[in-house]
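Visitor: no sequence on hand, only this structure:
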């Protein structure tokens, strides 16, 4: 009888611990999603400074700062996407498609391509050649950001 009681107590403690771990992971996953979204917003802000310069509404120094920020912000984007933080697990909070994890190598390649495009944009910004900056900026949008967002991000509706 005592043995059954001990097993029951041990089982209850184990169950409570597992529930706590599950709740902790959900909280951590929500934090990861929020941090990822803030990271992407920072990329958008950096791109906006460059776009302002390209459109003749901003200055080159602000665009250069945006370019330098983008280089660091795009260096390791896959690290922002731990498993089970996508739209399947967190609908309405995450817009990361399950294809990210199903096609992890392709996602990594798209991320590396985007980073390479950003590095080229930053080099153009440092040169000060507005035509080269404009061309590189357009390339970042199509072949950089678009190469990840189109296949791997669900548009918000």
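Guide: Cool, got the structure. It should be emphasised that the depicted structure is a prediction, and the values quoted were computed from it without experimental measurement. Numbering: from 1, shown residues only.
Visitor: my guess is residue 143 contacts residue 117. True?
Guide: Yes. Under the criterion of C-beta atoms under 8 Å, residue 143 makes contact with residue 117 at 5.6 Å. (Each C-beta comes from the backbone N, C-alpha and C, glycine too.)
Visitor: who's more crowded, the two?
Guide: residue 117 (24 against 15; other C-beta atoms under 10 Å).
Visitor: how many residues are close by the closest residue to the more buried one other than its chain neighbours?
Guide: In space, and not counting its chain neighbours, residue 117 is closest to residue 144: 3.5 Å by C-beta to C-beta, 6 or more residues apart in numbering. By the criterion of other C-beta under 10 Å, residue 144 has 26 neighbours.
Visitor: where's residue 83 relative to residue 146, distance?
Guide: Distance of residue 83 to residue 146, computed by C-beta to C-beta, to the nearest Å: 24 Å.
Visitor: go on, residue 29?
Guide: On the measure of C-beta to C-beta, residue 29 and residue 146 end up 27 Å apart.
Visitor: of the two, which one has the most company?
Guide: Legend: neighbour count by other C-beta under 10 Å for residue 29 and residue 146, higher for residue 29 (19 against 15).
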